[in-house]
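> Predicted model and sequence below, questions to follow.
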Amino acid sequence: MIDDLLRDGPAYHDTQSERLAGELEKAAREPIEPRHWVQFLHWSNHTMGEHLSDWPRARALAERVLAGRQPEDSTAAAWGKLSVARFMEGDRASAAEAEKVYVSGAGENSRAALIDTKMMLANAMIGSKRMSEGAALYAEALVLARSGPPSGADRTVAVASNNLASELLESTARSPEQDQLMRAAAEAAHEFWLRCGNWQNEERALYLKALVANVLDEPAVARDLVDEALRVVAANGSAPIDETFLRLARANAFAKLGDADGHHRDLAVAENAAQAWDDEGLKNWFAEERAKIRTL
């Protein structure tokens, strides 16, 4: 049941938040296996706290899941989730206690755990419309991550930055402050994937930066970023699905630049590739992205 819930729930967490919140609470009537703690509490915090603005409810569920349990290296991050729920409810003292459990339980990865906690809290604040506080904490976490050599924290920062930029990208009404944060997060995602990831992480980070440049009306920058991403792919192998979305992003950039030939060429390549897919999820994702681009 838990596997199914954690697989399917994210698809409707934003449109049916109360449904998922209730399902998570129902699932927690029985002990949750340790391997699920981190992901389970991620979605309870995100759904109850950020979408439903009910941090006391998120905290209560996190405390129920972790009651009487002890952290190990692989599960200590769950106490980071508890720390965030407590902090967002307003209980800073108890939040600090849970953060200490996470950092101590992470062993030699304690620095990464500290950065992770700051990143989680920054995302929670931003998701709860506490933009200035969240942006400041995110910037603080980046300074801490950049202050040391490549480490286990790099992947944490890359993933958190990628998720933050992607979430802001989907917002239909961003403030100038949010635009600035979205750009910074996309840049940081690229920076930290270069420190810890592979070529696919690199080209996907470039794709994210291209999407950001397009929505910020910087089509020449977006075009060049797509070109760079395609060069990364060509130098390392192939990634047909990624290349399709990259072509779609470049078609959008060409449209914004008024380059009809480039626009129609890339759009045709992307649409022809997508028509051959048999995965409905991918086809739906392509249709959503296709609907966003400017056409000539």
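Thanks, I have it.
> Tell me how far the closest residue to Ala260 other than its chain neighbours lies from Leu267.
With C-beta to C-beta, 6 or more residues apart in numbering as the criterion, Ala260 has its nearest non-adjacent residue at 4.7 Å, and that residue is Leu296. Placement of C-beta: from N, CA and C, glycine included. Computed with C-beta to C-beta, to the nearest Å, the distance linking Leu296 and Leu267 is 9 Å.
> Between the two, which is the more surrounded one?
Neighbour count, other C-beta atoms under 10 Å: between Leu296 and Leu267, Leu267 has more, with 21 against 14.
> still on that earlier bit, test my guess that the residue nearest to Ala260 contacts Ala255.
Yes - assessed by C-beta atoms under 8 Å, Leu296 is found in contact with Ala255 at 5.2 Å.
> list the residues that contact both of those two?
Residues touching both Leu296 and Ala255 (C-beta atoms under 8 Å, 6 or more residues apart in numbering): His263.
> How is Gly148 assigned, secondary-structure-wise?
The assignment at Gly148 comes out as coil when based on DSSP: H, G, I helix; E, B strand; the rest coil.
> ok, how many other residues are close to the nearest residue to it once chain neighbours are set aside?
Setting aside the residues directly before and after it, Gly148 is nearest to Arg111 in space (C-beta to C-beta, 6+ apart), at 6.9 Å. Residues near Arg111, counting by other C-beta under 10 Å, number 17.
> Could you tell me how far Arg111 is located from Gly197?
Arg111 sits 19 Å away from Gly197, going by C-beta to C-beta.
> what's the answer for Glu167, then?
For Glu167 relative to Gly197 (C-beta to C-beta), the value is 20 Å.
> Out of these two, name the residue with the larger neighbour count.
Counted by other C-beta under 10 Å, Glu167 and Gly197 do not tie: Gly197 has more neighbours, with 18 against 15.
> so who does Glu202 touch?
His190, Trp193, Leu194, Ala229, Val232.
> Kindly recompute the last result at 6 Å.
Contact analysis of Glu202 by C-beta atoms under 6 Å, 6 or more residues apart in numbering lists Trp193, Val232.
> do the one 5 residues further on as well
By C-beta under 6 Å, 6+ apart, the contact set of Tyr207 is Ala229, Leu246.
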